[in-house]
Structures are given as C-alpha cells and as structure tokens.
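[1] After the sequence you'll find the predicted model.
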Amino acid sequence: MSDTDIAAYALRLGDDALVLAQRMGDWIASAPQLEEDVALANIALDLLGQARALLTYAGALVLGADGGPRSEDDLTYLRDEREFVNAQLVELPDHGDFGHCIARLLVFSSWQYELYAALADSADQTLAAVAAKAVKEVDYHRDHATQWVLRLGDGTPMSRQRMQHALDAVWPHVEELFETDDLVVRLVSERVAVDPAELRTPVLAYVAAVVDRATLAVPVTTVRHSGGRRGIHTEAMGYLLAELQHLARSHPGATW
Amino acid sequence: MYGDHSGTPEQVWSHDAYADDGDADFLALIQADGRVEPRDAMPNAYRASLVRQIAQHAHSEIIGMQPEGNWISRAPSLKRKAILMAKVQDEAGHGLYLYAAAETLGVDRSELLDKLHTGRHKYSSIFNYPTLTWADMGAIGWLVDGAAIVNQVPITRCSYGPYARAMVRICKEESFHQRQGFEILHTLSNGSPAQHAMAQDAVDRWWWPSLMMFGPPDDASPNSERSMRWGIKRFSNDELRQRFVDMTVPQAQALGLTLPDPELAYDDTTGHWRTGAIDFTELFEVIAGNGPCNAARMAHRRGAHERGQWVRDAAAAYADKHRSATATGAVA
Ligand SMILES: [Fe+2]
Ligand SMILES: [Fe+2]
C-alpha cells in the first residue's frame, strides 16, 4: 500500500471533521439554550480533535515541497479550496437554523459512526487507533442529534415543519458520503480503508428509523450533489476558508 | 463576580440600606462565618441582593462568550482554536452553574434571562469592548479572567453556600484561562514585530477597562458596607483592584509588554504598585449603555434567544407529550 494513498484517505476524513468543526464552532454563543452551547462546543471539540489527528498523520506520510512533513496547520491554513477533499455536506451553512445544524449532524454522525466502527479494524494501525477513539465520541454526537430530531419532529406543528425542511435541504448531499472511487478501491483491497458504499445500508437504516420515530418523512429527491472528494465544493466553502485562514495567512511563517 | 455593576447603587440595592438586616440568629450565623443554605430563613433584602448579584454574574459569563466567540472561526492554529472553543464552552458552563445557584433562591433562569434581555439586569461592562485582533484573546484571558479571579476568589467564602460552591469550581477554570491568555501574549510578544505590536496594542486597549472591573473607588461605593456585613463581599473594590495591579505588573514585565500608564510606579513604603488616576467617567458611560458594543452584545443575545424559541417550545411540547404518554401507559 502506498503512503500517498493513505495520506489522501486520511486527508478526506480529516477535512470532513475539520470543516464540520468549523461550522459547529459558529454555534458557540448562539445556540437556542445554554446547555446546547455546551453540547455543540463538545461536538465541535471532538471533531477538531479527530481532524488534528488525521491531518497530522496525512502530513507526516507525504513530505511537503521543502522535504519535511506538513503540519496540521500547514494543511489547514495553506491549502486552497480545490485541495480540500471533504464531502460537501459538512460545509453547508446553517444560516442560524438549528434544525439544519441537527439534520446535518444526524446524517453525518450516523455515517461517521459506521465508518469509524469499521475503520477500527483497519490494517493501518494509526487509522485504527484514531477510529477506535473517535467512534465513542461520534456515538454521543449521533445520540445528541437523534434526541433533537425526535423533539423537533414530534414537538410543535411548526417545529415538525422546520425539521422536515431541514432534512429536505441536506438530503441532496447525502449520497456523496457513500461514493467509492479508485483510491478507496485500492485501499479497501489492502484492508486499510472502509468502502463507503458498504456504509449506505446501515446509515440510512439508522437515519430512517429516527426520522420515522420523529413522525417525519425520509425525503425523496433525485437531486444529487457531489464532488467534494475531488475538491469541487459549494460556493459557501470559499467563505468558510476565507474566515478560517485569513489570520494565519496574513503572517506567513509566524508561530502562535 | 466579573465586577463593576456594583457601581450604580440604585440598581443593586432596591431596598433601604439598613432596613431588614435580618434577625439575631441570621446575623449570628453570618458573624460566625457560617454558611446560609437555600432552606434557611434569610432577610428578604439579603435574598434579593444575592439573586441580583448571582444573576448579573451569570449574565456576565454568557455575554462574555461573545467577544471571544468572535475569534473561534479565525483562530490562527488548530491548537489555539481548540483552547479557545474550550474556554468559551467553560464560560457557558459558568453561566449554567450560576443560574442554578440563583435558582436555589426561588427564581428561574428564564425569568432572569428575560431581565437581561429587557435591560433590567446588567452584566459586566468589560464585555462591551470589541475584540479587534487575535491578541485580544490573550489580553482578555490574562487581564479580564485575571481580574475575575481576584474578584471571585473571595466569593468562594461567601456566606451563601450555593454561590460559594459554584465559585470554587469556576475559579479553578478561570485560572486556566488566565494562564492560557498569558501564553498567547507571551508567544505574540516574542514573535514577529507585527505580532509583538499586536500584543502591545491589545494590552493598551484592555488595561484600563480591566482596572474598572473592580467597580468605582471605595469612597463612591457606599453600599459595599452592608454587603460586607452580610458576608457577600469580603474586600473593598480598591483593595481588590490593588491586589490585581500588584499581581499583574510583574507579569507584564515577564511578557515584555508595557502597561499604558506613565504614572505606574512601585511605592517602597507600602510595597504596592501605584497607578495613575482611573477615568471612571468612561466606566459610567459604558454602564449607561454607551460603550462600543453594548447594542451589539444585546442584539446578539436577544437574536440567539429569539431564533431558539421554536426549539425550546418544541422541546417543551415533546416533554409534555411523552410525560402524558408515560402516564397513560401506566394506567393501561
Ligand atoms: Fe467565567
Ligand atoms: Fe474565564
């Protein structure tokens, strides 16, 4: 197995966690209630921790232009948009809508849960260790999202409508999570990576069960957005990176 | 507490200063340095002033999330981002402990938040200053959390048990915050010339406001006296301010940064650092609502609360349904 392949795979998972951490961080000091500021900050911190482990690993496997390893910060602050390989789902803006935040978290944490549970058996020791730790964190994220989907779906008529709209809004970005490509095929054959296609059934079964208990409907859509793994993002991504990277890029070479 | 709102006596004490001081048992308990617990008898004015002080302290914790939350998305390294997120999260936690402490006095959080949102309760004026650069994360941690610690450590011995106990936990976390802020500034001060200048600029802007966190001078703060007699306050504003100055000046020297006070000098006879005169007119302007960020902080807080209304309503409706569902289930 090639280090370049493993690095590219770790970068995907790391970017997913990093970008969602950035989105979740926006809720701290803006949540519907104080308990939720705390809970969303916890989730953001877990995701950030996963991102740091994965990016550090990716950066150590493939040397940078100067012949040395690239740090988590090099990868975070100095790559351009087309070099980010996260799924589009995680970059979608919430526009202050808690329902949207929760719909995305339900889908993504369900996906991450199945992914990490399987990746804990990876032939790659580092990925296996990261996954074994992260699966416990993500279990909590999934439970948190589940509780909110139930409350919002089965709460008031208005909250049911808003939660349904939020699920409808994220749904065109769900299938991208299950896409397989040559990189994944190579790494799956080496027992390093998990085939995203195999996550589809358990993830959608979990999400559908929650949606059903919440008296909501699983959205039906023929719209499918994708491209994140190839560095094709939504327009929102540029603004996310502008904010994330601006300060670090304004002081090249500085330490903080 | 984070401070300074004790500055306007009318707002803090709605009662005549010497009425309802408490019966002999109550005063004896306080004088013996005993703890008052929620079920104990206490004078109405004692209860009312504690509710106000604890609530305003809680409000300060949650409004204080905003100036630092402002930099989470832009933190210049992932390590700093994680530390900052955890810090702002801690402040939310402090808000939770303190609202819970206030609730032991027979009020509820939603009522207190309503008072904050309608401007009937104040919060610490320090949070009405803007965070303009990354170095402000350092200056706030070092100076604002530093001042908060000096204000709050004595409250760990406050006569009201739940408030004192909340403060023990909070003070531990505030001292982490202070160290982290110091470390941010230390890194900047020893970094590039631009980073050093950023650190100095932040200290220039935050130094005087942090001194004002201790409230007006003692001779302009008449109602501190009863608060002291009741064991809610242990030291005067000026004593605490002096303690903060003495602690901070050597730290500024260690940072290689200058405190923006040409008159700052060590007094050999007293062993204390003496500052130049503090311009309290600015503090009163900010308390009166005219600080740079008063309107923005309140708009953000109310906005988050209003945008979350449907969520809280849904949670309440869901809890109701499932409570009655369980009850029905029990009958069947
Ligand atoms: Fe605090
Ligand atoms: Fe703090």
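    Received, thanks. Residues are numbered from 1 along each chain as shown, chains lettered A, B, ... in the order given. Ligands and ions are numbered 1, 2, ... in the order given.

[2] So which residues on the stretch 51-200 of chain A come close to ligand 1?
    Remark: no part of the stretch 51-200 of chain A is in contact with ligand 1, using Cβ under 5 Å from the ion. Every C-beta, even on glycine, is put in place using the N, C-alpha and C of the backbone.

[3] Would you map the helices across the stretch 51-200 of chain A?
    For the stretch 51-200 of chain A, the helices defined by DSSP state H, counting those that start in this stretch cover A:72-77, A:98-119, A:125-153, A:157-170, A:182-189, A:200-213.

[4] Out of these, flag the one nearest B:D219.
    helix A:98-119 (49.1 Å; Cβ to Cβ).

[5] about what we covered before: and among the helices of the stretch 51-200 of chain A, the most buried is which?
    Mean neighbours per residue, mean count of other Cβ atoms under 10 Å in any protein chain shown, is largest over those for helix A:98-119, with a mean of 25.

[6] Only alpha carbons, please: show that helix as PDB.
    Extracted in PDB, the C-alpha atoms of helix A:98-119 (Å, rounded to 0.1, in the frame of the first residue of the first chain):
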ATOM      1  CA  PHE A  98     -30.700  25.000  14.400                       C
ATOM      2  CA  GLY A  99     -32.900  22.400  12.500                       C
ATOM      3  CA  HIS A 100     -30.400  22.500   9.700                       C
ATOM      4  CA  CYS A 101     -27.500  22.000  12.100                       C
ATOM      5  CA  ILE A 102     -29.200  19.000  13.600                       C
ATOM      6  CA  ALA A 103     -30.300  17.400  10.300                       C
ATOM      7  CA  ARG A 104     -26.700  17.500   9.000                       C
ATOM      8  CA  LEU A 105     -25.400  16.200  12.300                       C
ATOM      9  CA  LEU A 106     -27.800  13.300  12.300                       C
ATOM     10  CA  VAL A 107     -26.700  12.200   8.800                       C
ATOM     11  CA  PHE A 108     -23.100  12.900   9.300                       C
ATOM     12  CA  SER A 109     -22.600  11.400  12.700                       C
ATOM     13  CA  SER A 110     -24.500   8.300  11.600                       C
ATOM     14  CA  TRP A 111     -22.100   8.000   8.700                       C
ATOM     15  CA  GLN A 112     -19.100   8.700  10.900                       C
ATOM     16  CA  TYR A 113     -20.300   6.100  13.400                       C
ATOM     17  CA  GLU A 114     -20.500   3.300  10.900                       C
ATOM     18  CA  LEU A 115     -17.300   4.400   9.300                       C
ATOM     19  CA  TYR A 116     -15.200   4.600  12.400                       C
ATOM     20  CA  ALA A 117     -16.700   1.400  13.800                       C
ATOM     21  CA  ALA A 118     -15.400  -0.500  10.700                       C
ATOM     22  CA  LEU A 119     -12.200   1.500  10.500                       C
END
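
[7] Just confirm yes or no for stretch B:314-328 near chain A.
    Yes - Stretch B:314-328 reaches chain A (Cβ under 8 Å from any Cβ of the partner chain) through B:A314, B:A315, B:A316, B:A317, B:Y318, B:A319, B:K321.

[8] still on that earlier bit, which stretch among the helices of the stretch 51-200 of chain A comes nearest B:A304?
    In terms of Cβ to Cβ, the element of those nearest to B:A304 is helix A:98-119, at 10.0 Å.

[9] give me the residue from chain A nearest ligand 2.
    A:A29 (13.4 Å; Cβ to the ion).

[10] And the residue of the stretch 51-200 of chain A closest to ligand 1?
    A:H144 (24.0 Å).

[11] coming back round to it: which of the residues of stretch B:314-328 next to chain A fall in strands?
    Counting by DSSP state E, no part of the residues of stretch B:314-328 next to chain A is found in strands.

[12] got any ranges where the chain has weak pLDDT?
    With no chain named, the answer covers chain A. A:1 (pLDDT under 70).

[13] actually chain B
    Scanning chain B with the threshold set as pLDDT under 70 gives B:1-22, B:222-223, B:325-332.

[14] show me where it has strands.
    Using DSSP E, the strands of chain B run over residues B:265-267, B:272-274.

[15] Please enumerate the helices of the stretch 201-332 of chain B.
    B:224-229, B:237-255, B:280-285, B:294-307, B:309-331.

[16] Redo those as TSV? Include mean neighbour count.
    Shown next, in TSV, are the helices of the stretch 201-332 of chain B (neighbours: other Cβ atoms under 10 Å in any protein chain shown):
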stretch	mean neighbour count
helix B:224-229	17
helix B:237-255	18
helix B:280-285	16
helix B:294-307	16
helix B:309-331	14
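
[17] Would you mind giving the ones you listed as a markdown table with distance to ligand 2 added?
    Putting these into a markdown table (distance: least, Cβ to the ion, whole Å) gives the following:
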| stretch | distance to ligand 2 |
| --- | --- |
| helix B:224-229 | 23 |
| helix B:237-255 | 15 |
| helix B:280-285 | 21 |
| helix B:294-307 | 16 |
| helix B:309-331 | 26 |
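
[18] Which among the strands of chain B is found nearest to B:Y97?
    So among the strands of chain B, strand B:272-274 is nearest, using Cβ to Cβ, at 32.9 Å.

[19] do you know which of the helices of the stretch 51-200 of chain A lies nearest B:G271?
    With Cβ to Cβ as the yardstick, what comes closest out of these is helix A:72-77 (44.7 Å).

[20] Enumerate the positions of the helix ranked longest in chain B that are buried.
    The single longest helix within chain B, with elements called by DSSP state H, is helix B:161-189. Residues of helix B:161-189 classed as buried under the neighbour-count rule (16 or more other Cβ atoms under 10 Å in any protein chain shown) are B:161-164, B:166-167, B:170-171, B:173-174, B:177-178, B:180-182, B:184-189.

[21] Which members of those residues additionally contact chain A?
    B:I184, B:T187, B:L188.

[22] Among the residues you listed, find me the one that's closest to ligand 2.
    Closest to ligand 2 out of these is B:I184 (13.5 Å), distances taken as Cβ to the ion.

[23] wouldn't the closest one be in contact with B:R80 here?
    Yes - counting by Cβ atoms under 8 Å, B:I184 touches B:R80, with 7.2 Å between them.

[24] joint contacts of the two?
    Residues touching both B:I184 and B:R80 by Cβ atoms under 8 Å, 6 or more residues apart in numbering or on different chains: A:W256, B:M137.

[25] export the helices of the stretch 51-200 of chain A to JSON lines and tack on distance to B:E91?
    Formatted as JSON lines, the helices of the stretch 51-200 of chain A follow (distance: least, Cβ to Cβ, whole Å):
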{"stretch": "helix A:72-77", "distance to B:E91": "25"}
{"stretch": "helix A:98-119", "distance to B:E91": "20"}
{"stretch": "helix A:125-153", "distance to B:E91": "21"}
{"stretch": "helix A:157-170", "distance to B:E91": "28"}
{"stretch": "helix A:182-189", "distance to B:E91": "42"}
{"stretch": "helix A:200-213", "distance to B:E91": "32"}
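
[26] so who does the nearest residue to B:A135 once chain neighbours are set aside touch?
    Nearest residue to B:A135, sequence neighbours excluded (Cβ to Cβ, 6 or more residues apart in numbering or on different chains): B:A202, at 3.7 Å. Contacts for B:A202 (Cβ under 8 Å, 6+ apart) come out as B:L132, B:T133, B:A135, B:D136, B:G138, B:A139, B:L185.

[27] A:A248 now?
    Counting by Cβ under 8 Å, 6+ apart, A:A248 touches A:D73, A:T76, A:Y77, A:L78, A:A254, A:W256, B:P76, B:S77.

[28] Centre of the chain to the helix or strand in which it is found, how far?
    Here A:A248 sits within helix A:236-250, counting by DSSP states H and E. On the basis of Cα atoms, centre = their mean, to the nearest Å, helix A:236-250 sits 18 Å off its chain's mean C-alpha point.

[29] Of all the residues in that helix, which ones are buried?
    A:M237, A:L240, A:L241, A:L244, A:Q245, A:L247, A:A248.

[30] ok, which pair from the residues you listed is furthest apart?
    Farthest-apart pair in the buried residues of helix A:236-250 is A:M237 and A:L247; separation 18.2 Å (Cβ to Cβ).

[31] Pull out the buried positions in stretch B:73-83.
    So for stretch B:73-83, counting by 16+ other Cβ under 10 Å, buried means B:S73, B:R74, B:A75, B:P76, B:S77, B:L78, B:R80, B:K81, B:A82, B:I83.

[32] Brilliant, that's me finished.
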